[in-house]
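Q: Mind folding the following:
(chains A and B)
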Amino acid sequence: MSNTDENKSSLSLLLQSKGLKAVHVDPQDPFLLDLIRETQQDQASTYDLKRIDEEVLGLVVQF
Amino acid sequence: MEVLPYTAPELKQLLSGKYTPLRVISKKRHVAHLLKLFSPEYLDAKTMVVEESYINRDYLIDYQQYYSRCFEDYPKACKRIHFFNTEFARERLVDLLLRPEKTIKDELQKYYLGFIVIKPIPTRIIGYTLLENPLTNAENSINFWGTKNYRIHFFGVELKIHSLAFQEQDKVVAACATTAIWISLNKAADKGRVIVKSPSEITIDAAQSSPDGSRLFPNKGLSIQQICNGFLKSGMVSEVKKADLPFKIGDKQINVVTHQYFKKILFAYAPIGIPILIVIENPDSNGILHAVAAFGYQEDTSIVLQDIPFKVASDRIIRVICHDDQWGPYTDIDFSVNNKFGLTNEWTRLTPGRDSYIRSLVVPLYSKIRISYEDVEVLIKGVNAILRYFFRLNSIPDIPEWSIQVVLSEKYKQDIRSSKLSDEEKIKILTSYLPKYLWIAKCYLTGYQILEFSFDATNVANGNFCLNISCFETGLMHLLKETLQNNVETFTEFFHVQTGQAFYEYLLHSLEVEVE
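A: Sure thing, here's the model as predicted:
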């Protein structure tokens, strides 16, 4: 990935064409609720990777 | 000193000795691999120069530790073979060696391919080896983050080589785990804060006995815990990365590291430059694990990433370069296309149709790097969710792409100088007081960087450790800020992790979002 002028132009075109605006969120929006659940599960899985148990530490590398 | 034209039979003859006959040499995997590296396709060796008696520090210590106390009278000195990719005879070299050093260097340096030390012991003869990178010329897209400059003394002349030291395990004072640690320490010691030790010293540091409780020597391998001890005693710390996917092979349930997690970890820690240990289960190994040291990867920048919820730049890694002490230097690992965890390597090429699997990773680090990749990723996943939601409501189909890496702050400042940030923002960062190591998370949309987060990698993960947020697209930033302002409470849900709330407060504060 690089910040080339070509990439910059492509981003600017995209943003202009969509007429971007700030948004007010509907807290009951199903997509939002799914996104929150999915993100929280994903974050929990990432944190779980930090829990190194004896089974992992006991793996023997011998070949 | 002997000077010989390079040929495969001549090399095999040189590798053989009293304890390792030619028939054994001919069957060694390492020999086949070395012949490939010396072929015209790669290094194209033309001449060998032999030092018949050479004292190698690693072997000398291992000799003192074990071989000298054998009844068998093993020699103390090794043999060293230098390789050049030009043809010359002994007379030419003798003539050169009598000239001024600069003349000799000018003549030899450009043709020098490195050396192999041959140990005078049975079968496991490949000692300290430094070979010119055989993949540099042909494949420039490979990032060799674990190599360094070495100085070599060739009959009183100093030659240079950019490589990573290799040797094979002797199965006496070292198995593959010790050898992989040795390879990794060899690079880490570059900065002088880490002690390079011989294989026997590393094994003694790592453990008091073999993992099965039997004697340490002959060594039967090391557990992951013992590998970490080995690094610790040499002045480093380790982060162990565990498997992230349960998988069934036949009747056996094992946990494996997925391609994506493996690539994320390589990409994240590569800028520190220390080879990473990969713990692999190869086909037909009966569950016995092997360790190799990864020090390079190849990216295919033309790959268009799939729109998955958390898109990462590391998914463009297509190949990993390792030293595998059971095969030789510069071996490669490719990713199986059949599933999201299988690997192909030298071992699977012996058993077509079957994959190798990663069971764990050991990332050796300098002790000042205390915040792990996962600590940063959970926070960035929260930001990613806000961006995804914001873009969706604005009918933008693209999903942000992230690059997360730990870097030296001096490197970060170099990158900032050449970035597209405003001069004011550049000066703010360039003149700021920063810790030695930073985690940098870059966010891209349609290939253009829109955001950059810097985190203090030396901090503790109990409070906020984000140091700065830079925006490369000011119009977008104003809208994001307003969106955050409108939804402060709702977006809190994306930061329900340890340190998440502290980070979210920092995010709101740094964007000057008013919180009631």
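Q: what's downstream of the top strand by length along chain B, the next helix or strand?
A: When chain B is parsed with DSSP state E, its longest strand is strand B:289-299. Proceeding N to C from strand B:289-299, the next assigned helix or strand is strand B:311-312, under DSSP states H and E.
Q: And the next helix or strand past the least confident helix or strand in chain B by mean pLDDT?
A: Of all the helices and strands that make up chain B, strand B:245-249 has the lowest average by mean pLDDT, DSSP states H and E, namely a mean of 85. Downstream of strand B:245-249, the next assigned helix or strand under DSSP H and E is strand B:252-256.
Q: And that next one, what does it pack against?
A: Contact analysis of strand B:252-256 by 3 or more CB pairs under 8 Å, 6 or more residues apart in numbering or on different chains; DSSP states H and E lists strand B:245-249, strand B:357-365 as its packing neighbours. Using the backbone N, CA and C atoms, a C-beta is placed for each residue, glycine as well.
Q: So which residues of chain A form helices?
A: A:5-18, A:30-48, A:54-57 (DSSP state H).
Q: tell me the most buried of the ones you listed?
A: Counting by mean count of other CB atoms under 10 Å in any protein chain shown, helix A:30-48 has the highest mean neighbour count of those, with a mean of 16.
Q: can you tell me if it touches chain B.
A: Yes. Using CB under 8 Å from any CB of the partner chain, we find that helix A:30-48 touches chain B at A:31-32, A:35-36, A:38-40, A:42-47.
Q: Pull the residues that contact that helix.
A: A:25-26, B:244, B:309-310, B:374, B:377-378, B:381-382, B:384-385, B:388-389, B:392, B:490, B:493-494, B:496-498, B:500 (CB atoms under 8 Å, 6 or more residues apart in numbering or on different chains).
Q: do the same with stretch B:31-41
A: Counting by CB under 8 Å, 6+ apart, B:6, B:8, B:11-12, B:15, B:25, B:42-45, B:83, B:113, B:116, B:131, B:134, B:327-331, B:346 sit against stretch B:31-41.
Q: hang on, the earlier thing: looking at the helices of chain A, which is nearest to B:Lys442?
A: Nearest of the helices of chain A to B:Lys442, taken as CB to CB: helix A:5-18 at 12.9 Å.
Q: still on that earlier bit, minimum distance to B:Ile440: which of the helices and strands packed on strand B:252-256 has it?
A: Minimum separation from B:Ile440 across the helices and strands packed on strand B:252-256 (CB to CB) falls at strand B:357-365, 16.2 Å.
Q: which helices and strands does that closest one pack with?
A: Short answer (3+ CB pairs under 8 Å, 6+ apart): strand B:357-365 packs on helix B:176-188, helix B:224-233, strand B:237-242, strand B:252-256, helix B:259-269, strand B:276-281.
Q: Select, out of the ones you listed, the one closest to B:Pro100.
A: Using CB to CB, the nearest of the helices and strands packed on strand B:357-365 to B:Pro100 is helix B:176-188, at 31.9 Å.
Q: got the contact list for the next helix or strand after the closest one?
A: Sequence-wise, the next helix or strand downstream of helix B:176-188 (DSSP H and E) is helix B:199-206. The contact list for helix B:199-206 (CB under 8 Å, 6+ apart) reads B:58, B:61-62, B:65-66, B:167, B:169-170, B:173-174, B:177-179, B:181-182, B:185, B:197, B:216-217, B:219, B:222, B:226-227, B:229-230, B:233-234.
Q: which regions of the chain sit below the pLDDT cut-off?
A: In the absence of a named chain, chain A is used. A:1-3, A:5 (pLDDT under 70).
Q: try again with chain B
A: Looking at chain B by pLDDT under 70, you get B:137-140, B:516.
Q: right, and B:Val378 touches B:Val497 too?
A: Yes. Taking CB atoms under 8 Å as the definition, B:Val378 is a contact partner of B:Val497 at 4.8 Å.
Q: Tell me which of the two has more neighbours.
A: Set side by side, B:Val378 and B:Val497 show more neighbours around B:Val378, with 27 against 19, by other CB atoms under 10 Å in any protein chain shown.
Q: which element is that one on?
A: helix B:373-393.
Q: Find the nearest non-adjacent residue to the residue in chain A that chain B sits nearest to, please.
A: Proximity of chain A to chain B (CB to the nearest CB) peaks at A:Gln62, 2.5 Å away. Nearest non-adjacent residue to A:Gln62, counting by CB to CB, 6 or more residues apart in numbering or on different chains: B:Gly221, 2.5 Å away.
Q: tell me, how many neighbours does that neighbour end up with?
A: 26.
Q: From B:Arg388, how far out is B:Leu508?
A: 19 Å (CB to CB, to the nearest Å).
Q: quick one, which of the two is more surrounded?
A: B:Arg388 (21 against 18).
Q: Now for that one: which residues touch it?
A: B:Arg388 sits next to A:Leu35, B:Pro309, B:Ile399, B:Pro400 when contact means CB under 8 Å, 6+ apart.
Q: Out of these, flag the one nearest to B:Cys322.
A: Nearest member of the contacts of B:Arg388 to B:Cys322, counting by CB to CB, is B:Pro309, at 30.6 Å.
Q: quick one: the closest one and B:Ile399 touch, right?
A: Yes. Contact criterion CB under 8 Å: B:Pro309 and B:Ile399 qualify, at 7.3 Å.
Q: Based on its surroundings, how many neighbours for B:Glu299?
A: By other CB under 10 Å, 18 other residues sit near B:Glu299.
Q: What's opposite it in the beta bridge?
A: Beta-bridge partners for B:Glu299, by DSSP bridges, are B:Ile317.
Q: can you tell me how far B:Gly500 sits from B:Glu101?
A: 60 Å.
Q: So which of those two has more stuff around it?
A: Using other CB under 10 Å, the more surrounded residue of B:Gly500 and B:Glu101 is B:Gly500, with 20 against 11.
Q: Contacts only, for that one.
A: With CB under 8 Å, 6+ apart, B:Gly500 has these contacts: A:Gln43, B:Val378, B:Leu379, B:Gly382, B:Phe494.
Q: ok but B:Ser214 is inside a helix, no?
A: No. Secondary structure of B:Ser214 (DSSP: H, G, I helix; E, B strand; the rest coil): coil, not part of a helix.
Q: Show me which residues of the stretch 101-250 of chain B sit near chain A.
A: Residues of the stretch 101-250 of chain B lying near chain A (CB under 8 Å from any CB): B:175-177, B:180, B:211-212, B:220-225, B:227-228, B:240-244.
Q: can you pull the contacts of the closest residue to chain A within chain B?
A: Residue nearest to chain A within chain B: B:Gly221 (2.5 Å; CB to the nearest CB). By CB under 8 Å, 6+ apart, B:Gly221 lies in contact with A:Val60, A:Val61, A:Gln62, A:Phe63, B:Ala175, B:Cys176, B:Ala177, B:Ser210, B:Pro211.
Q: Just the terminal-to-terminal distance for stretch B:265-279.
A: Its start and end residues considered, stretch B:265-279 measures 14 Å (CA to CA, to the nearest Å).
Q: next one: it to chain centre, how far?
A: 4 Å (CA atoms, centre = their mean, to the nearest Å).
Q: Do it and chain A come into contact?
A: Yes. Shown here: stretch B:265-279 in contact with chain A (CB under 8 Å from any CB) through B:Val279.
Q: Could you do stretch B:474-489 as well?
A: Yes. Stretch B:474-489 lies within reach of chain A by CB under 8 Å from any CB, at B:Gly475, B:Leu476, B:Leu479, B:Leu480, B:Glu482, B:Thr483, B:Gln485, B:Asn486, B:Asn487.
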